[in-house]
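**Student:** Test case, fold it:
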Amino acid sequence: MKHLNHLPYELISSILSYVDKQDLFTCALVDKSFYKATLPLLWQKLEIHNQDTLHTMTRILESSTSSSSATVLGELVRIVMIFTELSDDDLLAFIKHVPLITHLSLEEATYISDDSFVQVPGRVPHLTHLYIGRAEITQRSMEAIGQCPLQELTLVGCDELESNLFALLARCCSSTLTSLEITHCSLRWLDTPDTAQQAVANLMVLHHLTSFQIYSYEHDFSPFITALFVDVPSMAPWPELTCLHLYPCRDVTDAMAIALLQTQPKLTNVSFCYSHITDNTLDAIVTYLPEIVEVEVMGNPGITSDGLRRLVKTCRKLETVHCSRCRICPEDFPELDESKMTVESYWTDSEFPLQVGALKGGAFDSDVDSDADADFDSNNEQ
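**Tutor:** Residues are numbered from 1 along each chain as shown. Presented below is the predicted three-dimensional model:
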């Protein structure tokens, strides 16, 4: 084999899949075979950081569609991430040229309205992953997007949504949705007990969830989160759940937290922030979550340094414990140096101006090793 263009297309494509995107531009110039194999890799993921780039990309895609070229560039695109603000017209002008995308991320969707967004599912019917940030869309848009086979949905700062979002997801996405993250969204009427109870019932229909996160300090989701802790243990609706982040958990007690943990043994990431839990919940994590990787217990003054120490020492797969605003001080861990923890300053708290923000997994390993060495030496002496 004397020429590169004699290499099978599949082999060239496989090799190029390991090449950095910047270097792919050079690879495209090698010969026709490399150009053909490189093109899908260059276009499968688009990251657009400003409006000039958005408009330029739209023109290129439009030109490709209308030209006599055998390759329609827009049909190669699978992932689109737009980090800049865009209008309804911008969205519709762009989206019609990428009909086969599966991932769409609109980080700054402030000027996107229902008028354009309800047209998205018809333009990109294969959408499985959707991120919407700071959009004024309403339930009307959510009804439309429910037509897509969504697997992952992330909503950030969308303040026109309502609590019946969960009813929609239960109706449209119960067989597909695996990840749901709702951050700083209003979800109107979720703060009333009856509505919260119904929302939880709808959420539990999503049996394929592996990750659920709801986070907001601006809105009171306490009735909803409390209902979760009460109802989930009796139903155990999510057999594959690995990530559960709830914030804030103002009315949650040890008994409630432990009951939930017992039914979700596959959890690797768990967050119970601003609750009434104590070291008893940390000990339950040790007992019931053997695969735990990350724990967040921010704003829980009921936990102690001893409880954190037991957690970190015992859970061998643990990478990080976030414990901001728990009034745990660096001097509570005299055996650790600063490389094993994060220290934060709170000048508004005169009693505890310096507090531990996080502990690293394995932080006490040297301690364990020292204890083991001491036992070994003691046995040898005997």
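
**Student:** Break down the stretch 101-250 of the chain into its strands, ranges please.
**Tutor:** For the stretch 101-250 of the chain, applying DSSP state E, counting those that start in this stretch gives strands covering 103-106, 129-133, 152-156, 179-183, 211-215, 243-247.

**Student:** Compile the ones you listed into a markdown table and extend it with columns for mean pLDDT and mean neighbour count.
**Tutor:** Where you see a C-beta, it was placed from the backbone N, CA and C, and this is true even at glycine. Listed next are the strands of the stretch 101-250 of the chain as a markdown table, based on pLDDT from 0 to 100; neighbours: other Cβ atoms under 10 Å:
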| stretch | mean pLDDT | mean neighbour count |
| --- | --- | --- |
| strand 103-106 | 98 | 21 |
| strand 129-133 | 98 | 20 |
| strand 152-156 | 98 | 19 |
| strand 179-183 | 97 | 19 |
| strand 211-215 | 97 | 19 |
| strand 243-247 | 97 | 21 |
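
**Student:** and residue 289, which of these is closest to it?
**Tutor:** Checking those against residue 289 by Cβ to Cβ gives strand 243-247 as the closest, at 10.4 Å.

**Student:** okay, the angle between that closest one and strand 179-183?
**Tutor:** 20 degrees (axes from the mean of the first three to the mean of the last three Cα atoms, to 10 degrees).

**Student:** elements contacting strand 243-247?
**Tutor:** Applying 3 or more Cβ pairs under 8 Å, 6 or more residues apart in numbering; DSSP states H and E, one finds that strand 243-247 contacts strand 211-215, strand 269-272.

**Student:** Now do that strand: everything it contacts.
**Tutor:** Contacts to strand 243-247, defined as Cβ atoms under 8 Å, 6 or more residues apart in numbering, come from residues 179, 210-217, 225, 228, 252, 264, 267-274, 296, 298.

**Student:** Just the CA trace of it, in CSV.
**Tutor:** Extracted C-alpha coordinates of strand 243-247, given in CSV (Å, rounded to 0.1, in the frame of the first residue of the first chain):
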residue,chain,number,x,y,z
CYS,A,243,-27.6,11.2,41.2
LEU,A,244,-30.0,13.0,43.6
HIS,A,245,-29.4,16.7,44.4
LEU,A,246,-32.1,18.6,46.4
TYR,A,247,-31.8,22.2,47.6
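
**Student:** Could I get the contacting residues of residue 162?
**Tutor:** 138-139, 187-189.

**Student:** An error on my part: the question was meant for residue 107.
**Tutor:** Applying Cβ under 8 Å, 6+ apart, the residues near residue 107 are 81-84, 131, 133.

**Student:** one more time with 6 Å
**Tutor:** 83, 133 (Cβ atoms under 6 Å, 6 or more residues apart in numbering).

**Student:** Find me the pLDDT at it, would you?
**Tutor:** According to the predicted model, the pLDDT of residue 107 comes to 97.

**Student:** ok, now which ones touch the most centrally placed residue in the chain?
**Tutor:** Residue closest to the average C-alpha location in the chain (Cα atoms, centre = their mean): residue 181, at 6.5 Å. Residue 181 makes contact with 154, 213, according to Cβ under 6 Å, 6+ apart.

**Student:** how far away is it from residue 153?
**Tutor:** Using Cβ to Cβ, to the nearest Å, one gets 7 Å for the distance from residue 181 to residue 153.

**Student:** Just send the helices and strands packed on strand 243-247 back as CSV, with distance to residue 164 too.
**Tutor:** As requested, the helices and strands packed on strand 243-247 are arranged in CSV below (distance: least, Cβ to Cβ, whole Å):
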stretch, distance to residue 164
strand 211-215, 15
strand 269-272, 25
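
**Student:** about what we covered before: so, if you compare the contacts of residue 162, which one comes nearest to residue 88?
**Tutor:** residue 138 (14.2 Å).

**Student:** my guess is residue 127 meets residue 146, correct?
**Tutor:** No - counting by Cβ atoms under 6 Å, residue 127 sits too far from residue 146 to count as a contact (11.0 Å).
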